[in-house]
Structures are given as structure tokens and as C-alpha cells.
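Asker: build me a structure from this.
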Amino acid sequence: MDAIDAVQLNYNQDNIFLVNICLAFIMFGVALGISVQDFKRILSNPRPVLIGLLSQFVVLPVLTFFLVLVAEPKASLALGMMMVAACPGGNISNFMSSLAKGNAALSVSLTAISSILAIFLTPFNLAFWGSLYEPTAAILREVDLSVWEVFKTIVMILGVPIVAGMTFNRFLPNVAKKIRPVMMVVSILIFATIVVLAFAANIDIFLNQIHLVFLMVLLHNAIALVSGYQIGNIFGLDQSNKRALSIETGIQNSGLGLLLIFTFFDGLGGMAIVAAWWGIWHIISGLGIAGFWHRKGIYA
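Answerer: A predicted model of the protein is given here:
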């Protein structure tokens with residue numbers, strides 16, 4: 001086992017509980033902007049959403065697997081990449097899609113539906129792709145990962161808050177509309193706090209190991225952003241939809257990934273460093289590409 005694969009990051013049970021609460025709060029805020037009518041609209045024109053889900057839960061995990069085969073990173077780094085690829089889209093993608101003049105409604109719909117489907121697909125994708133690569137399969141065997149336990153955890157931190165937020169929006173729509181922008185800003189700050197806490201508790205380890213993951217995360221994130229856009233190209237979507245798909249695929253819920261890593265993998269070093277650095281880098285790359293598209297405007 002390589003040194004980074006043996007590193008265990010320090011993140012105590014109190015911190016893990018705090019991350020649970022923070023992620024639930026974030027998803028509650030996202031759900032304040034979701035209504036049953038949104039799902040009815042999706043049913044009337046499901047094609048862009050289905051393409052987006054294909055990009056997130058099929059194409060990105062497949063491309064991640066092939067990147068692992070080609071680059072052959074350390075086992076825990078590879079499993080961290082698979083974990084990120086298995087996660088749903090991040091809530092900050094909605095703000096970035098709006099900034100990029102992408103289809104914000106599609107972005108919100110994908111965030112909501114991918115978060116619900118993640119209850120099933122995140123544990124499945126992690127277990128499936130991780131088992132196909134022997135170095136990561138060895139880690140999965142060692143931790144005896146229970147898909148059922150991962151499922152229950154995701155239900156609590158994604159499923160329950162989404163139902164609660166949608167219920168709040170159903171009965172108090174005016175209040176939900178007023179507080180949602182504030183919740184969005186607070187959510188971004190909370191997400192940043194989660195990543196900062198992970199770094200602060202393990203600063204020496206991160207500084208010593210970050211060189212191993214910096215370029216890999218940069219490349220992985222670039223593949224995610226480009227693949228999302230190109231999937232839209234392949235299916236003939238317009239510019240606003242392609243931009244939304246690119247950002248939804250490239251902005252992953254790495255906070256969820258970190259929580260699962262600390263809960264089920266005891267903060268396995270390579271995995272946690274990949275998820276934490278992705279959490280920082282995708283904000284930089286997402287804002288960068290969104291700002292570029294904002295200045296460029298929409299063209300045919």
C-alpha cells in the first residue's frame with residue numbers, strides 16, 4: 001500500500017455530525033425553489049433532463065474509470081475520483097448556470113432530480129466502478145462497504161431535506177421565495193466552511209500530499225465540464241442547455257463525497273484530499289467558465 005493510501009485524516013464524530021446538518025440545510029435551501037409544477041414541466045419536455053442525467057450518472061463515471069485506467073493514480077486517489085463522479089450535482093451549480101446565461105430551470109431540475117436519484121445511484125456507481133479496478137476493489141473489500149448503509153445515509157441528508165423543502169414551498173410559497181436567495185448565499189458559505197474545516201484539521205497532510213492530486217483533479221474536472229457540453233452537442237441541444245449541462249456535470253456535490261468518505265472510509269487520505277480539493281477547484285473552474293460565457297452571451 002502506498003503512503004497516501006494509508007493516511008487517515010482527522011475528522012471527529014462532532015465534525016461529521018456538523019457536516020450532516022450542513023448538507024441537509026443546503027439541500028433544504030435548494031428544495032425551496034422546487035415545486036410539483038417543475039416536475040410536470042419536465043414530464044412535458046423530459047429530453048434535456050434525461051440527457052443531463054445520462055451525462056452525470058453514466059458518462060462521467062465511465063470517463064472517470066477510463067481516466068483511472070490510463071493515469072493509474074494511487075488506489076485511494078482513484079477511489080476518491082470515483083466517489084466524486086458518483087455524487088449528484090452541487091447546489092452552487094444553479095447560481096453558476098444563471099451567471100453563464102445557461103438554462104437555469106434545467107439546472108435546478110437536474111440538481112433536484114440527480115439528488116433524489118443519488119440515493120440509489122451514488123452507492124451503486126461507487127460500488128460498481130470501484131469493483132472493476134483491482135486497487136480500488138481491494139479498498140472496498142477492506143472496508144466492507146455496505147450499499148444499504150450508504151443508501152440510508154444519503155436518504156437522511158438528501159432525501160428528507162428535499163421533501164421538507166418542497167413541502168415548505170408548497171404551503172408557504174411567498175416565504176420560500178423571499179428566503180431562498182439568502183439560503184443560497186448561506187449554502188455557499190456553509191459548503192466553503194465544510195471544506196475549510198477538513199483542510200484545517202489536516203493541514204500538514206494536505207500540504208504534503210496536494211501535489212499528487214492537483215493536476216489529476218484539474219484534468220478530471222475539465223473532462224466533466226467538457227463532456228457535459230459535448231453530450232449536449234451530440235444530442236443537438238441549444239447553447240443555454242449545453243451550458244447548463246456542462247456546469248451540472250462539472251460541479252459535483254463533493255461535500256456529500258467528503259461526508260461519505262469520513263463516515264464509511266474513516267477519512268481515507270487520498271479519497272478525502274481528492275474530494276476536498278475538487279470542492280475548491282470546481283468553484284474556481286465553474287466561476288471561470290460561467291464568467292466567460294456571461295461575457296460572451298448566447299449565440300446560435
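
Asker: which strand or helix spans Gly33?
Answerer: Per DSSP states H and E, Gly33 falls between elements, in no helix or strand.

Asker: elements contacting whatever helix or strand Phe151 lives in?
Answerer: For Phe151, the host element (DSSP H and E) is helix 147-154. Counting contacts by 3 or more Cβ pairs under 8 Å, 6 or more residues apart in numbering; DSSP states H and E, helix 147-154 packs against helix 104-131, helix 254-264. (C-beta placed from N, C-alpha, C; glycine too.)

Asker: relative to helix 147-154, how tilted is the last one?
Answerer: Taking axes from the mean of the first three to the mean of the last three Cα atoms, to 10 degrees, helix 254-264 and helix 147-154 form an angle of 130 degrees between their directions.

Asker: from the chain's centroid, how far away is the next helix or strand after helix 254-264?
Answerer: With elements assigned by DSSP H and E, the helix or strand that comes after helix 254-264 is helix 269-296. Centroid separation between helix 269-296 and its chain, computed with Cα atoms, centre = their mean, to the nearest Å, is 11 Å.

Asker: show me which positions of helix 269-296 end up buried.
Answerer: For helix 269-296, burial by neighbour count (16 or more other Cβ atoms under 10 Å) applies to 269-279, 281-283, 285-287, 289-290, 293-294.

Asker: stretch 39-46 now?
Answerer: Of the residues in stretch 39-46, 39, 42 count as buried by neighbour count, 16+ other Cβ under 10 Å.

Asker: list the contacts of it.
Answerer: Contacts with stretch 39-46, where a contact means Cβ atoms under 8 Å, 6 or more residues apart in numbering, come from 49, 105, 109, 113.

Asker: and the first one, how many neighbours?
Answerer: Think Val49. By other Cβ atoms under 10 Å, 21 other residues sit near Val49.

Asker: so it is in contact with Ser109, correct?
Answerer: Yes: with contact defined as Cβ atoms under 8 Å, Val49 counts as touching Ser109 (5.6 Å).

Asker: now Ile154, nearest residue through space, not along the chain?
Answerer: Spatially, and ignoring its direct neighbours in sequence, Ile154 is nearest to Ile119 (4.9 Å; Cβ to Cβ, 6 or more residues apart in numbering).

Asker: spit out the contact partners of that neighbour.
Answerer: Ile119 is in contact with 151, 154-155, 158-159, counting by Cβ under 8 Å, 6+ apart.

Asker: farthest-separated two in those?
Answerer: With Cβ to Cβ as the measure, no two of those lie farther apart than Phe151 and Leu158, at 10.6 Å.

Asker: higher neighbour count, these two?
Answerer: Set Phe151 next to Leu158 and count neighbours by other Cβ under 10 Å: Leu158 wins out with 26 against 16.

Asker: check whether the more buried one really touches Ile113, as I assumed.
Answerer: No: assessed by Cβ under 8 Å, Leu158 is found out of contact with Ile113, at 11.5 Å.

Asker: deepest of the helices and strands packed on helix 147-154, which one?
Answerer: helix 254-264 (a mean of 25; mean count of other Cβ atoms under 10 Å).

Asker: now it against helix 269-296, angle please.
Answerer: For helix 254-264 against helix 269-296, the angle by the same axes, to 10 degrees is 170 degrees.

Asker: now do helix 254-264: which elements does it pack against?
Answerer: Judged by 3+ Cβ pairs under 8 Å, 6+ apart, the packing partners of helix 254-264 are helix 13-31, helix 75-86, helix 104-131, helix 147-154, helix 173-200, helix 269-296.

Asker: need those helices in CSV (columns: distance to Gly232 and mean pLDDT).
Answerer: Formatted as CSV, the helices and strands packed on helix 254-264 follow (distance: least, Cβ to Cβ, whole Å; pLDDT from 0 to 100):
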stretch, distance to Gly232, mean pLDDT
helix 13-31, 22, 75
helix 75-86, 18, 94
helix 104-131, 10, 88
helix 147-154, 27, 80
helix 173-200, 25, 77
helix 269-296, 13, 87
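
Asker: right, and these - which one's nearest Phe262?
Answerer: When these are compared by Cβ to Cβ, helix 13-31 sits nearest Phe262, at 5.3 Å.

Asker: for the closest one, enumerate the helices and strands it packs against.
Answerer: Packing partners of helix 13-31 (3+ Cβ pairs under 8 Å, 6+ apart): helix 104-131, helix 160-171, helix 173-200, helix 254-264.

Asker: could I get that helix in CSV with only the CA atoms?
Answerer: The C-alpha coordinates for helix 13-31 follow below in CSV (Å, rounded to 0.1, in the frame of the first residue of the first chain):
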residue,chain,number,x,y,z
GLN,A,13,-17.7,12.5,15.1
ASP,A,14,-18.7,16.0,16.2
ASN,A,15,-17.4,17.4,12.9
ILE,A,16,-19.1,14.6,10.9
PHE,A,17,-22.4,15.4,12.6
LEU,A,18,-22.0,19.0,11.8
VAL,A,19,-21.3,18.2,8.1
ASN,A,20,-24.6,16.1,8.1
ILE,A,21,-26.5,19.1,9.4
CYS,A,22,-24.9,21.5,7.0
LEU,A,23,-25.6,19.3,3.9
ALA,A,24,-29.2,18.8,5.0
PHE,A,25,-29.5,22.6,5.4
ILE,A,26,-28.0,23.1,1.9
MET,A,27,-30.4,20.6,0.3
PHE,A,28,-33.4,22.2,2.1
GLY,A,29,-32.4,25.5,0.6
VAL,A,30,-32.2,24.0,-2.9
ALA,A,31,-35.7,22.4,-2.5
